[in-house]
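>>> Give me coordinates for this.
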Amino acid sequence: MLPTIADVLALDTVRRGNPHVVTGADRLDTRVRWVHVGEVEGIAHLLRGGELVLTTGVALPDDPAKLAGYIAELAAVGAAGLIVELGRKFVGSPPAAVVDAAEAHGLPLITLSRETPFVQITESVHARIIDNQLEELRASEQLHEVFTELSVEGASPAEVLSQVARLSGRPVLLENLAHQVLACETAGRDPGPLLGSWESRSRAVKPTERTAYDAASGWLVTVVGARGQDWGRLIMLFLEPPTPRDIVLAERAATTLALGRLLERHQESLERQAHGTIIAGILTHSYADPDEATARARALGVPLTGRKLISVVLRLTEDRDTALDTQARLGELAEATAAACREAGMPALVGALDDSHIGVLLPLSPRGSAETALTTLADRLRAVFPTTFVLAAGSVVDSVKDVRRSFLEAEQVADVAVRQPDGRPYYRLPDLRLRGLLHLLRDDARLQTFAERELSPLLAHDAQRGGDLTGILRVYLDAGRNKAVAAQRAHLSRPAFYDRLRRLERILETDLDDVESCVSLHVALLAMESFRRDTR
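Numbering: from 1, shown residues only. Coordinates of the predicted model:
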């Protein structure tokens, strides 16, 4: 950072000259870009602004008008200030014309009452300027290395902001063009006041440059975007003006975020990532205080306070050729779900829970109907999304701390419903009946033992002979033990189907006309399906 006039006056070489501030005492924080020694009147055209001019005045005119003009020209080109050594031209004090002009133009004027070698002043100040520039260069190189590594690794916005907060020690936020917070690193600050009324506060800060500091708010704002398409703003919060290093840090972070956006393929949008991060934080209890999750959601335009909350989980029912295909379709499902919620006027958090589930946290008004909201969402989504899916919902809860329970219930319902979807707009736990109960009990060793005892002879037979008598049993039981219907569904003649039923009875040592035996086998088959839920 460039030294100020006050920094220059504090140097030993200057203090030995007994400096006295004549005018501009309120402008001693002016930055000094360079020190220039000049004794003649017409030097203004040689300056570029930011210079601290040193003179003894030996070659300056005596005419007060010309002296005033000399001061005016220095101020016009942006000189940082003027230091006059007394004793050679001016004795005791500078002429009144010089003082008055400096006061009028706001130019800091300092006198030295003792003889001082100007070369010592220039060497001291220039050494400090160059040292600062080298320090900034080294800092810039360090930042370049850090953010280049982040770019190569494909770091998420949250990881980029975490590095910015670590390097600066200041809160940093990433917002979209709608002034919704996509990512936030608080640097130890309370997120409530930090994110409170975010949209209105953000809209009030309108820098005219791509990177600018707004003194009123204490915000350093950098536009994020590439190829002429801006999509957000990176904001760092300061209590004092940022240093050049802070500005470089913000700009390098913005570049990394923009590059990451350009390189994204088959990935979530930043908004989905932001929503998914909040949902994951709620489910894993990452937030020490539920109010933090509420504040973060509110900054994204999703109010959770004073609302009934219902968790929704979506799963695709169609198998895809590749994992990449599946991930791409899940991303499309998440974006379509978010769009459906917006069009229906239902603010919601929408993000991926894992590689197969999309989660939705839907806040409802105190008098809102969960059934109406779920039906609206399902109808709108099926109208625009071609791939079939199931939409499952958990119980309605009253606070963020209970959302995890609702999500676990919705995920369990989705995992059961996706096996045999029957075209319902949405599924809830009561809709699954016995299948839902067995899914909830799928990790119970007693249920696993029961299923193995009932079906192990049949499963072993199929494994050894490469047959599918288990499938025949399933068709028979699903048809309500109606042999004619079951044969038709199995695409077999009745004699062939009856022969397979007799083989089943021999293998299982049971009577398939016995209702209780068939119920027991049917329960075992449903239980076995729940055990194999991860093989889809």
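>>> so where do the strands sit in the stretch 201-350 of the chain?
For the stretch 201-350 of the chain, strands defined by DSSP state E, counting those that start in this stretch occupy the ranges 211-214, 219-226, 229-237, 308-316, 349-352.
>>> Would you mind measuring from residue 348 to residue 46?
Applying C-beta to C-beta, to the nearest Å, the value for residue 348 to residue 46 is 64 Å. Quick note: C-beta positions are derived from backbone N, CA and C, even for glycine.
>>> who's more crowded, those two?
Using other C-beta atoms under 10 Å as the criterion, residue 348 and residue 46 rank with residue 348 on top: 22 against 11.
>>> Might you report the residue contacts of the closest residue to the more buried one other than its chain neighbours?
Using C-beta to C-beta, 6 or more residues apart in numbering and skipping residues adjacent in sequence, the residue nearest residue 348 is residue 341, 4.2 Å away. Contact partners of residue 341, counting by C-beta atoms under 8 Å, 6 or more residues apart in numbering, are 347, 348, 350, 360, 362, 377.
>>> Go through these and flag which are in helices.
If you go by DSSP state H, these have residue 377 in helices.
>>> Out of the contacts of residue 341, flag the one nearest to residue 283.
Distance to residue 283 across the contacts of residue 341 (C-beta to C-beta) is lowest for residue 360, with 12.9 Å.
>>> Do I have it right that the closest one meets residue 302?
No: the criterion here is C-beta atoms under 8 Å, and residue 360 misses it with residue 302 at 10.7 Å.
>>> Give the residues shared as contacts by those two.
348, 349.
>>> Would you mark the buried spots in stretch 109-126?
For stretch 109-126, the neighbour count (16 or more other C-beta atoms under 10 Å) marks 109, 110, 111, 112, 116, 118, 121, 122, 124, 125 as buried.
>>> ok, the fourth one touching residue 82?
No: Residue 112 is beyond contact range of residue 82, at 11.4 Å (criterion: C-beta under 8 Å).
>>> picking that back up, neighbour count: residue 360 and residue 302, which is higher?
residue 360 (28 against 22).
>>> which one is that one nearest to, not counting chain neighbours?
When the adjacent residues along the chain are set aside, residue 360 lies closest to residue 312, with 3.9 Å between them (C-beta to C-beta, 6+ apart).
>>> Can you tell me how far that neighbour is from residue 361?
From residue 312 across to residue 361, the span is 8 Å (C-beta to C-beta).
>>> Pairing partners for the residue nearest to residue 360 in the sheet, please.
Judged by DSSP bridges, the bridge partners of residue 312 are residue 360, residue 393.
>>> What's the local residue count around it?
Neighbours of residue 312 (other C-beta under 10 Å): 28.
>>> again with residue 444
12.
>>> what about the protein, any weak spots by pLDDT?
Scanning the chain for pLDDT under 70 picks out 1, 227, 262-268, 318-325, 436, 440, 532-536.
>>> and residue 54, that one's in a strand?
Yes: secondary structure of residue 54 (DSSP: H, G, I helix; E, B strand; the rest coil): part of a strand.
>>> How about the contacts made by residue 19?
9, 83, 110, 111, 112.
>>> Now do the SS call for residue 21.
Counting by three-state DSSP, the backbone at residue 21 sits in strand.
>>> Just the element for the nearest residue to it once chain neighbours are set aside, please.
Among residues not flanking residue 21 along the chain, residue 110 sits closest, at 5.5 Å (C-beta to C-beta, 6+ apart). Assigning secondary structure by DSSP states H and E places residue 110 in strand 109-112.
>>> mind listing what that strand pairs with, with the direction of each?
Strands that pair with strand 109-112, judged by DSSP bridges, come out as strand 19-23 (antiparallel), strand 81-85 (parallel).
>>> Packing partners of the next helix or strand after it?
Note on strand 109-112: by DSSP H and E, the next helix or strand toward the C-terminus is helix 118-153. Under the contact criterion of 3 or more C-beta pairs under 8 Å, 6 or more residues apart in numbering; DSSP states H and E, helix 118-153 touches helix 5-9, helix 12-15, strand 34-37, strand 51-55, helix 157-168, helix 244-263.
>>> want to throw those into a markdown table with distance to residue 137 and mean neighbour count?
Listed next are those as a markdown table, based on distance: least, C-beta to C-beta, whole Å; neighbours: other C-beta atoms under 10 Å:
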| stretch | distance to residue 137 | mean neighbour count |
| --- | --- | --- |
| helix 5-9 | 20 | 19 |
| helix 12-15 | 25 | 15 |
| strand 34-37 | 17 | 18 |
| strand 51-55 | 22 | 23 |
| helix 157-168 | 16 | 20 |
| helix 244-263 | 10 | 20 |
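>>> quick check: domain ranges of the chain?
What automatic domain parsing lists as the domains of the chain is 5-125, 154-263, 270-431, 445-535.
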